[in-house]
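# I would like to see how this sequence folds:
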Amino acid sequence: MFKAPNANDRHPARWLSVPIATFIWMGCGAADAAEPVLAARYQIEQPSQDVADALRAIARATGTSVIFDARAVAGRTAKPVSGSLSGAEAIAIAIKGSGLESQIARDGAVIVRPAASPAATPPAPAGSGSAPDRTGAAAPPRSSIQASAEDDSTNFPKSLADNRERSDGEAEILRYTRVEVTGSRLRRVDAEGPAPVNVYTAKDIEKSGQPSLHRFLTSLTEVSVSTGEGGFSRTAGQGTVQLRGLPLGSTLVLLNGRKLQAVGSSTGSVFNLNLIPLAAIERVEVVPSGSSAVYGGDALAGVINVILKKSMDGQSLAARLGSGRGFGDGSVSIATGGRSKDGNYLVVGSFSRSTPLTERDRSFFNNLDFRSIGGNDDRSQYCSPGNVSSVSGNLPGLNSNVAGIPQLAPAQIPTISDFQATAGNRNLCNQYLTGGGLSLVHGDQNIALHSLAEHRIWGSWSAFAEGMFVKDRIEGPGPGVLLASVSVPASNLFNPFGAAVRVSSMLGNENGHRSLLRESRFSRVLAGVRGELASDWDAELTVSSSQDHGNTVSRNEQVNSAALSAALASTNPATAFNPFTSGRAASDDVLRGILRDTTRRDRGRKDQVGAIVRGNLSELWAGPVDVVVGAEAARDWYDMVVPGQSDTHGYRNSAAAYGELRAPLLAAREEGGKSWDRVALTLASRRDRYSDFGSATTFQGGLEVRPTRSLLIRGSAAGSFKPPSLLQTNVVDIVYDAATFSLYDPLRNAERVAGTVVRTTNKDLQPERGQARGIGVVWEPEGGLGSRFSATYWQLKIRSMIALLSADTALAYEASFPTFVTRGPAVNGRPGAVTSVKTAEVNFGRLDTAGTDLDASYVWMTPVGRVAAGVGATRVNSYRVQLVPGAAVEDRLGRRFSDFWAPRWKGRASLGLEGGAWSVGLTSRYLGSYLNAGTSQMKLGDYWVHDVAGNLNLKKLWPELLPRFKAATFGVTITNSTDRMPQYVPGAPNFDVTQADWRGRYLAARLSLDW
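Sure, this is the predicted structure:
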């Protein structure tokens, strides 16, 4: 914060409260008076770009304080700037002809606002503008680690044009504004806070070439592992993210700073990131550290805040087409919006579609015999045709008890002689290549509509609303239907052996195959009001409701054993079943009676109301104390129905109150009057109460130390929690016979346990608890074009992790879980016999991980253009897990697991070059070496993946060909340009799901037009 000047200041001025609409970009080392700003000159070389980006770049390069209304300058294009210029001169050149004018304030700040002349050029549409980027237009695909400045109009109900006039006729100067930062609800001038926030703009996502938000986030260094895709996905194709490689559901997802519910189609455990259309995204902000004191539950690993586009004036059309070997995708979006002095609106519609990628499209899966490369023979006997074996002894007429079923003509009835050549040999294959082939990547179709509007209703107060509707359809082919050691009686019409035999096979394609179809609908509506309460206070009240409906059909998932047995025993050709063919095995009527679909219906809903008040509480010796107080209440509802199998319903009410404070403890002032907070303290606390398990209280604190304006040393500590999911707290009781579990009683001489095993709900289940700590340094030299270095050491601990306690573990640790075991009366001091054992979720596990994030970037000018280089890496130092009592602590650092773990290194290096109307860039992603699962010493990883991106500003290149358009760009990306494929690992699915991307080399082209 800036300290108000006193009577001894060189240029006293009246200080006002900060209109939220005004945005100021503070350069490093700006002078305090008009004369030094005009006199100091800097070599400036920057291309034509958005006015807002140009103003920020000039502020960084010259140290000039620039004040402007983001809403007033949005969509306007700046002129190129070149030469040795002062900050004010550079700004004047940049905004020439844009309909804006600049004025130098008495303290040296430059105010940019709409020109008073009625002939001012109307603003161009905003199109797909992006958030501030420290490295300029030629920034590498990963933007510098930075905090987010909310420079969009919906957060700014007042305009700079509304500045009040002083009695002496001079415009009153608005010295600063507060900007909101993810990871904190405070608004502050200095965007960097005590905890790092990594910002990725829409342009970063475009340059990456990734086709979805899920895939883009997975490529980041702070995301250690992926949940996988296609048929091997642990979330059935739902896109989510595992920050730091922590368990599913440990990362909180926000949309425009507000929490999203876990969607029903993911069994209520995560939000599906693929429901958010890329066309509507302005930027994504990642807080890679636990933080529940600010935003509530689920933030054990950190926060993903997806910021949607909020403003434009005109229309915009964007089309994208992508292609790879065996698959393709594409999307189209159209947006329209408008602004006036009293409000704005925006509507974005999009459509996208992608085809599935299956194992049939990759030669890696043609033959699973990997012995030639030192692996295993992972071929299966479940082929089409499959294999026949005897019930006892040799097969009649053969000298072996097994034989591969020969390939026969579709209507041919086999004879024993047909099996002579295959006796003693099995048919071996990749069973997943049968049918449609197992999906490596699901096909997807997405239709989405995003809209918002804001209107000033009185003074600084405005009403606003947001709406989103998404309809998503996922399809994934699958393998044939499995016949696992099916008994074929002697009476079977096609059985040549005259005796009962067993057949193991996959049904041929003509009989249908397994596949997945999931249709989802997600909607979200929000309405609210906001404005100023007093000179230093603003408030906001919102009401929102979001809901999702999902319908999942797993085709041919179940086999009706009774119907299959009847068809196998039938001697009628119309009703008989032939298990010895790879063609048609039975009539359609018979197959419909044998094969059944599994259907699951999911519904989820979250209704929420929230209120927040922000302002300056008091004035300390070093500056004002900023505070936030707020409250919210919500109701979550979840319903999952599998007809004929299960019917699960759950709901919870929750309420929370929270507060946050930032107090400057020591201020500094340079010669010339520039001041900053040398030491500042941030504190936050939150109290959440849930209707189904009780309360949770979390705290957070941070310290910022700035020895100079270019150097920040920071530290933070935070508590976090994750409430049990509604599925975990609403388990439908199922009773099993204990004999099927082969349980033994350790207190009764390993006596075999009779009685029952009950799968049930643990009514005492509590939230998972987490602690996060971090310390780091950020250095940005004054006047740099984008030079930056940061290093952060982080530590995360999770306690009371929720895990399913098995029946045998409950018996082995009965003293720790006494309510899980029920016994009969004790006899002569000996414990009674076990009558029942419960299996349910419990709080027991623990996880400890720590590491270091490194990031550096540098930008310089060359005769060819602007060059930007960047490098970032995450080094994980430890990752230790214990999930159940008695289990050894697992070291999951650099060792592959199927769910959560972390490689030691994950890195990224980038290099970009930008000329006046073009840009090219190379990004290389590194995955460090790690070991295979179990005790294997097989080394994996240790490779680079290279992505190339290029972009052309068509409007600049050929303005005469596009007279009707205000902006036109064309871009091309080649992701994984060297076509690197996943590595082999022993055991199905023969690759590491948590790191693999089977797309290989992937080319995408994008065209956008604004008018």
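# quick check: D979 vs G324, distance?
Per Cβ to Cβ, to the nearest Å, D979 is found 9 Å from G324. From N, CA and C alone the C-beta is placed, and that goes for glycine too.
# ditto for T77
For T77, the distance to G324 (Cβ to Cβ) stands at 35 Å.
# shared neighbours of D979 and G324, which are they?
Taking Cβ atoms under 8 Å, 6 or more residues apart in numbering as the contact rule, D979 and G324 both touch G1000, R1001.
# these two: which has the busier surroundings?
Higher neighbour count among D979 and G324: G324, with 22 against 13, using other Cβ atoms under 10 Å.
# quick check, that one in contact with Y1002.
Yes - shown here, G324 and Y1002 form a contact pair, counting by Cβ atoms under 8 Å, at 4.3 Å.
# isn't V871 right next to L911, touching?
No - assessed by Cβ under 8 Å, V871 is found out of contact with L911, at 9.6 Å.
# comparing the two, which residue is more hemmed in?
Using other Cβ under 10 Å as the criterion, V871 and L911 rank with V871 on top: 19 against 16.
# give me every residue that touches the residue lying farthest from the centre of the chain.
Distance to the chain centre peaks in the chain at G397, reaching 60.7 Å (criterion: Cα atoms, centre = their mean). Applying Cβ under 8 Å, 6+ apart, we find G397 in contact with I416, F419, F497.
# which one of those is nearest to P385?
F419 (11.1 Å; Cβ to Cβ).
# the closest one touches V402, doesn't it?
No - judged on Cβ under 8 Å, F419 makes no contact with V402 at a distance of 10.0 Å.
# identify the contacts common to the two.
With Cβ under 8 Å, 6+ apart as the test, F419 and V402 both reach V388, L395.
# give me every residue that touches H549.
Listed by Cβ under 8 Å, 6+ apart, the contact partners of H549 are G264, S520, R521, D602, R603.
# and it, backbone torsions?
phi -130, psi 130 (degrees, to the nearest 10).
# distance-wise, check it relative to R896.
Taking Cβ to Cβ as the measure, H549 falls 36 Å from R896.
# do the same with L847
The gap separating L847 from R896 is 17 Å, by Cβ to Cβ.
# those two: who's more crowded?
When L847 and R896 are compared for neighbours, L847 comes out ahead with 25 against 22, by other Cβ under 10 Å.
# isn't that one right up against I798?
Yes - L847 is in contact with I798 according to Cβ under 8 Å; the separation is 4.3 Å.
# is G231 in a helix, a strand, or coil?
For G231, the assignment made with DSSP: H, G, I helix; E, B strand; the rest coil gives helix.
# that one reaches G478, doesn't it?
Yes - the criterion here is Cβ under 8 Å, and G231 meets it with G478 at 6.5 Å.
# can you check which residues contact both of those two?
L438, S439, L516.
# closest one of those to L452?
Nearest to L452 among the shared contacts of G231 and G478: L516, at 34.0 Å, using Cβ to Cβ.
# so what's the residue nearest the centre of the chain closest to, chain neighbours aside?
The residue lying closest to the centre of the chain (Cα atoms, centre = their mean) is V241, at 4.4 Å. Leaving aside its chain neighbours, V241 sits nearest to L217 (4.6 Å; criterion: Cβ to Cβ, 6 or more residues apart in numbering).
# now for the helix or strand containing that neighbour, which elements pack on it?
L217 belongs to helix 213-218 when assigned by DSSP states H and E. Helices and strands touching helix 213-218, by 3 or more Cβ pairs under 8 Å, 6 or more residues apart in numbering; DSSP states H and E, are helix 202-208, strand 281-287.
# only alpha carbons, please: show the last one as CSV.
The C-alpha trace of strand 281-287 is given here as CSV (Å, rounded to 0.1, in the frame of the first residue of the first chain):
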residue,chain,number,x,y,z
ILE,A,281,-11.4,-18.7,-20.4
GLU,A,282,-9.5,-15.5,-19.8
ARG,A,283,-6.8,-17.0,-17.6
VAL,A,284,-6.1,-19.7,-15.0
GLU,A,285,-4.5,-18.9,-11.6
VAL,A,286,-2.9,-21.7,-9.7
VAL,A,287,-2.1,-21.5,-6.0
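# could you give me the average pLDDT of that strand?
Mean pLDDT, strand 281-287: 91.
# partners of it in the sheet?
Taking DSSP bridges as the criterion, strand 281-287 sits next to strand 198-201 (antiparallel), strand 302-308 (antiparallel) in its sheet.
# any chance of JSON lines for those strands, columns distance to P47, mean neighbour count and mean pLDDT?
Putting these into JSON lines (distance: least, Cβ to Cβ, whole Å; neighbours: other Cβ atoms under 10 Å; pLDDT from 0 to 100) gives the following:
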{"stretch": "strand 198-201", "distance to P47": "17", "mean neighbour count": "24", "mean pLDDT": "89"}
{"stretch": "strand 302-308", "distance to P47": "25", "mean neighbour count": "24", "mean pLDDT": "92"}
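# output the ones you listed in TSV; the columns should cover distance to G314.
Shown next, in TSV, are the strands paired with strand 281-287 (distance: least, Cβ to Cβ, whole Å):
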stretch	distance to G314
strand 198-201	20
strand 302-308	18
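# which of those strands sits closest to P643?
Closest approach to P643 among these (Cβ to Cβ): strand 302-308, 34.5 Å.
# then the closest one to PDB, C-alphas only?
C-alpha atoms of strand 302-308 as PDB (Å, rounded to 0.1, in the frame of the first residue of the first chain):
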ATOM      1  CA  GLY A 302      -3.900 -25.800  -3.500                       C
ATOM      2  CA  VAL A 303      -6.400 -23.900  -5.700                       C
ATOM      3  CA  ILE A 304      -7.200 -23.700  -9.400                       C
ATOM      4  CA  ASN A 305      -9.100 -20.500 -10.100                       C
ATOM      5  CA  VAL A 306     -10.500 -20.300 -13.700                       C
ATOM      6  CA  ILE A 307     -11.300 -16.700 -14.700                       C
ATOM      7  CA  LEU A 308     -13.700 -16.400 -17.500                       C
END
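# hmm, who's touching that strand?
Residues contacting strand 302-308 (Cβ under 8 Å, 6+ apart): 131, 148, 182-183, 213, 217, 222, 241, 243-244, 251-257, 273, 276, 280-291, 295, 450, 452, 466, 468.
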